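*Asks:* Okay, sequence plus prediction incoming.
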Amino acid sequence: MASRMMVQLRGLLIAANQVLVPTIAALRESNPGIIRKVYRDSYEVLLYIALPYFSLILALSPIVSQVWIGYYEPDFVFFFAILSIGWLINSLYAPSYFANLGIGDLNWNAVGHAIMAVLNLVLGILLGRMYGGRAVVVAWTISLVVGSLIILIFFHYKNEIPLAGLFPKEFFSIGLGSAVGLCLSVLI
């Protein structure tokens with residue numbers, strides 16, 4: 001249930017980024033020099049929306065547990081928290097993923113997904129046997145994060161975009177506000 005909800009909520013956030021594919025494809029033909037700016041703008045907008053969005057979703061997970069299950073379910077909230085972290089990081093790679101599609105360079109997208117699949121299988125089996133079901137969700141999240149980061153990092157590398165730009169200075173106030181809000185919601 002937690003996974004299904006996270007996928008649907010993430011879909012709302014990512015749907016707007018899909019417009020990057022035709023936009024970047026057109027820019028590749030007409031003005032390739034502007035692709036980096038369009039990518040950065042899209043990434044920054046997503047970053048500013050995603051952190052408070054996922055923080056709010058995570059803060060509401062105990063209430064969602066009460067409504068859906070009828071009582072507070074610690075496993076549901078745990079799975080929700082782990083999946084929120086994974087989907088947040090995965091959401092931040094969306095502009096690079098869609099930019100790769102628009103450019104027509106699918107290599108790193110394919111490599112990232114292959115790494116996700118292999119890591120998921122290997123870590124899921126190993127951690128699941130050693131630590132049980134919670135560890136399988138952790139393994140899946142690790143796989144999602146690693147594969148996503150590979151796509152994001154290599155997009156930056158290939159397009160000569162400094163990785164320092166992943167977290168602009170203005171981000172820290174939003175990040176701090178989201179973290180404080182999340183901590184307060186946990187205390188409440």
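*Replies:* Structure received. Because the structure is predicted, anything quoted here is derived from the model rather than measured. Numbering: from 1, shown residues only.

*Asks:* Name the residues of whichever helix or strand residue 146 is part of that come out as buried.
*Replies:* Using DSSP states H and E, residue 146 falls within helix 133-158. By neighbour count on 16 or more other C-beta atoms under 10 Å, the buried set for helix 133-158 is 135-156. Where you see a C-beta, it was placed from the backbone N, CA and C, and this is true even at glycine.

*Asks:* Kindly report the same for stretch 43-63.
*Replies:* 43-44, 46-47, 50-51, 53-55, 57-59, 61-62.

*Asks:* Save those residues as a markdown table, and put in distance to residue 126, pLDDT and secondary structure too.
*Replies:* Shown next, in a markdown table, are the buried residues of stretch 43-63 (distance: C-beta to C-beta, whole Å; pLDDT from 0 to 100; DSSP: H, G, I helix; E, B strand; the rest coil):
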| residue | distance to residue 126 | pLDDT | secondary structure |
| --- | --- | --- | --- |
| 43 | 33 | 87 | helix |
| 44 | 37 | 85 | helix |
| 46 | 33 | 86 | helix |
| 47 | 33 | 84 | helix |
| 50 | 30 | 84 | helix |
| 51 | 31 | 83 | helix |
| 53 | 32 | 83 | helix |
| 54 | 28 | 83 | helix |
| 55 | 31 | 83 | helix |
| 57 | 29 | 82 | helix |
| 58 | 27 | 82 | helix |
| 59 | 32 | 83 | helix |
| 61 | 27 | 85 | helix |
| 62 | 31 | 87 | helix |
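
*Asks:* Now render those residues as JSON lines, adding distance to residue 91.
*Replies:* Output for these, formatted as JSON lines (distance: C-beta to C-beta, whole Å):
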{"residue": "43", "distance to residue 91": "11"}
{"residue": "44", "distance to residue 91": "13"}
{"residue": "46", "distance to residue 91": "7"}
{"residue": "47", "distance to residue 91": "9"}
{"residue": "50", "distance to residue 91": "5"}
{"residue": "51", "distance to residue 91": "10"}
{"residue": "53", "distance to residue 91": "9"}
{"residue": "54", "distance to residue 91": "8"}
{"residue": "55", "distance to residue 91": "13"}
{"residue": "57", "distance to residue 91": "11"}
{"residue": "58", "distance to residue 91": "13"}
{"residue": "59", "distance to residue 91": "17"}
{"residue": "61", "distance to residue 91": "17"}
{"residue": "62", "distance to residue 91": "22"}
